[in-house]
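> mind looking at a prediction? Sequence and model below.
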Amino acid sequence: MREEDLLRLRWIADPRISPEGQRVVFTLVTVDIETDAYRTELWLAQVPASGAALTAPRALTTTGLDSQARWSPDGSQLAFIRKADPEADAQLYVLPMSGGEARAITSLRTGVSSPAWSPDGARIAFLSGHDPARDKPEAKKPKNAPARIVTHPEFRWNGDGFVDPEHLDHLWVVAAEGGEPHRLTLGDRFKES
């Protein structure tokens, strides 16, 4: 095995069984050598009936920037996270399993993660560090970043940079059909119990 072989590896992440138990959606992860980044696509596999032959999985998305797929309670839709491009903030999308294109449900400035459907399928909860007060036109960004006071041992996250207490993730909810998302939690940081 050589180091170039590692760049050709493909692996499956985050498998999710549909509510009726007949389908599995998963994230296929590959390495994009040209951009030195991971590509993530959503794939669908059918669970074969007892004694039936396996069928090949099929791609649901091909952007290379999709992940965290979650089935709606009735199995008719998938909520997932997509980045429009590698530099964009990840947003919440919903894909109808009967066919059609995925539609964006959020457009929050710091992106979203960890979608979860409500039991009735009417709403989707997610995490985001978005702060509506910072998006107001009167909010000015300082020319130079202010000094940082580090008060917790976890002051940086790999790949995300410094932990900013004003941008930590909070719990949000949005209607599954779209609309204005609502933040459900407040405060500087979550306390782990």
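Alright, I've got the coordinates. For clarity, every value in this text was computed on a predicted model and none was experimentally measured.
> quick check: which element contains the residue nearest the centre of the chain?
Nearest to the mean C-alpha position of the chain, counting by CA atoms, centre = their mean, stands residue 81 at 3.1 Å. According to DSSP states H and E, residue 81 maps onto strand 77-82.
> in the helix or strand following that strand, what counts as buried?
The element immediately downstream of strand 77-82 (helix or strand, assigned by DSSP H and E) is strand 91-96. For strand 91-96, the neighbour count (16 or more other CB atoms under 10 Å) marks 91-95 as buried. C-beta here means a position set from N, CA and C on the backbone, and glycine is covered the same way.
> helices of the protein, start to end?
All helices of the chain, identified by DSSP state H, fall at 3-7.
> look up how far residue 113 lies from the most far-flung residue of it relative to its centre.
What lies farthest from the middle of the chain is residue 51; by CA atoms, centre = their mean that is 35.3 Å. Distance, residue 51 to residue 113, by CB to CB, to the nearest Å: 40 Å.
> next one: residue 46
For residue 46, the distance to residue 113 equals 28 Å [CB to CB].
> same check, this time on residue 24
Applying CB to CB to residue 24 and residue 113 gives a distance of 21 Å.
> tell me the spacing between the residue nearest to residue 80 when sequence neighbours are not counted and residue 55.
Among residues not flanking residue 80 along the chain, residue 69 sits closest, at 4.3 Å (CB to CB, 6 or more residues apart in numbering). Going from residue 69 to residue 55 by CB to CB gives 19 Å.
> compare these two (neighbour count), which wins?
Taking neighbours as other CB atoms under 10 Å, residue 69 and residue 55 compare with residue 69 leading, 23 against 10.
> tell me the contacts of the more buried one?
By CB atoms under 8 Å, 6 or more residues apart in numbering, the contact set of residue 69 is 14, 16, 25-27, 42, 60, 78-80.
> would you check which pair of those residues lies furthest apart?
Farthest pair in the contacts of residue 69 (CB to CB) is 26 and 79. Separation: 15.0 Å.
> the two - which one has more neighbours?
residue 79 (24 against 20).
> per-residue pLDDT of that one, please?
At residue 79, the model reports a pLDDT of 98.
> for it, name its beta-bridge partners.
Going by DSSP bridges, residue 79 is paired in beta bridges with residue 70, residue 94.
> that one reaches residue 93, doesn't it?
Yes: at 7.2 Å, residue 79 counts as touching residue 93 under the criterion of CB atoms under 8 Å.
> show me where the chain has strands.
Taking DSSP state E as the test, the strands found in the chain are 10-17, 23-32, 37-46, 58-59, 66-71, 77-82, 91-96, 103-104, 113-117, 123-128, 156-157, 161-162, 170-175, 182-183.
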